[in-house]
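*Asks:* build me a model from this:
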Amino acid sequence: MEKKNILVLCTGNSCRSQMAHGYLAFFSNGNAAIYSAGIETHGLNPRAVLVMKEDGIDISSHTSNNVNEYLNIPFDYIITVCDHANENCPYIPGKAIRLHENFPDPAKAMGSEDEILAQFRATQNLVKAYCKQFVEEKILVSAN
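*Replies:* Numbering: from 1, shown residues only. Down below sits the predicted model:
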């Protein structure tokens, strides 16, 4: 079976798309090639790295990439994880199935460090559940 190419797209490719990238890679267990990108590049958010590490997934080596770097890859799925990216995504040629889920942006969280990290973990839990279900329904089904 041919690996599915999946692009996760967000505004800055620093938090939500990076979390999704980590979980999709984990849950797909080598049955998909995962890419994440942003309409802009904001660098990797250290709090996203921290909360993912707490859950046993190391995304510290990920890079923040611009969507234009991947225009020549034939994607099977393009998942936008914020409304801004969904509305402003450049045209990506091909027959990719486009999916959208607007996750809250933990980078905009305010308050104490504990309160901010709580927002990161809340978003992380939503992203994890979405990615697990996506892989079970779209990737592992076709791998069997």
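
*Asks:* straight-line length of stretch 58-68, end to end?
*Replies:* Counting by CA to CA, to the nearest Å, the length from the leading to the trailing residue of stretch 58-68 is 25 Å.

*Asks:* meant to ask about stretch 102-114, not that
*Replies:* 24 Å.

*Asks:* show me what it is in contact with.
*Replies:* Taking CB atoms under 8 Å, 6 or more residues apart in numbering as the criterion, the residues outside stretch 102-114 that touch it are 12, 14-16, 45, 47-48, 81-83, 86, 115-116, 119-120, 122-124, 126-127, 130. In short, each C-beta sits where N, CA and C put it, glycine included.

*Asks:* list the buried residues for it?
*Replies:* When burial is assessed from 16 or more other CB atoms under 10 Å, stretch 102-114 yields the following buried residues: 103, 105-107, 109.

*Asks:* secondary structure and pLDDT for these - can I get that in TSV?
*Replies:* Compiled in TSV, the buried residues of stretch 102-114 are given as follows (DSSP: H, G, I helix; E, B strand; the rest coil; pLDDT from 0 to 100):
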residue	secondary structure	pLDDT
F103	coil	97
D105	coil	95
P106	helix	96
A107	helix	93
A109	coil	96
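
*Asks:* narrow the contacts of stretch 102-114 to just the buried residues.
*Replies:* Buried residues within these, defined by neighbour count using 16+ other CB under 10 Å: 12, 14-16, 45, 47-48, 81-82, 86, 116, 119-120, 123-124, 126-127, 130.

*Asks:* low-confidence ranges, this protein, go.
*Replies:* Low-confidence segments of the chain, defined by pLDDT under 70, span residues 1, 142-144.

*Asks:* tell me where it has strands.
*Replies:* 4-10, 32-38, 77-80, 97-100 (DSSP state E).
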